[in-house]
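Participant: just to be clear, the model below is a prediction. Sequence and coordinates:
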Amino acid sequence: MISEAMTELSLDSSFTFRCAPGISCFNLCCRDLNQFLTPYDILRLKRHFGMTSSDFLRRYTAVHTGPQTGLPVVTLKPKEKVFLTCPFVVPEGCLVYENRPSSCRIYPLIRILSRSRASDEDLLRFGLDVIAEKIRQAAGEVEDEA
Ligand code: SF4
């Protein structure tokens, strides 16, 4: 277990996942936004809207300082403060689907990159977002597997 919010997966792990209009949890995972953007995410999104990088960053993002690295971290600004909804979600789905950020592309998987202090090697692991699983179960969309 990586944390209470996710379960670590191995290369042999399997899971089921389906996302489509009509499913009762459709769009719920685009709330409670904590969406980090990579430079490539920003490039794709600003091109999607035909905006300059400066205009895109000013309108849709917030810039923070990484607490351990001191490096800038860019996140999407939610469009409202109650549910922290993504600025790009509409009732029909994702407005930027073909250019959505990389973390949305692999959802409900989560990448964890860490560096071993002992060997100084990078370690890439994957986890399954347990919160997403609970949302779907609460919405009655996940059947118990036999
Ligand atoms: S970019 Fe699209 S898929 Fe990602 S959180 Fe926003 S609406 Fe959802």
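Facilitator: Okay, I see it.

Participant: residue contacts, L84?
Facilitator: 31-34, 78 (CB atoms under 8 Å, 6 or more residues apart in numbering). For glycine as for every other residue, the C-beta is placed from the backbone atoms N, C-alpha and C.

Participant: excluding its backbone neighbours, what's nearest it?
Facilitator: Nearest residue to L84 in three dimensions, chain neighbours excluded: P78, at 4.1 Å (CB to CB, 6 or more residues apart in numbering).

Participant: and if you look at A20?
Facilitator: F26 (6.9 Å).

Participant: gap between that neighbour and the ligand?
Facilitator: F26 sits 11 Å away from the ligand, taking CB to the nearest ligand atom, to the nearest Å as the criterion.

Participant: do P78 as well
Facilitator: 10 Å.

Participant: end to end on stretch 93-109, go ahead and measure it.
Facilitator: End-to-end distance for stretch 93-109, by CA to CA, to the nearest Å: 19 Å.
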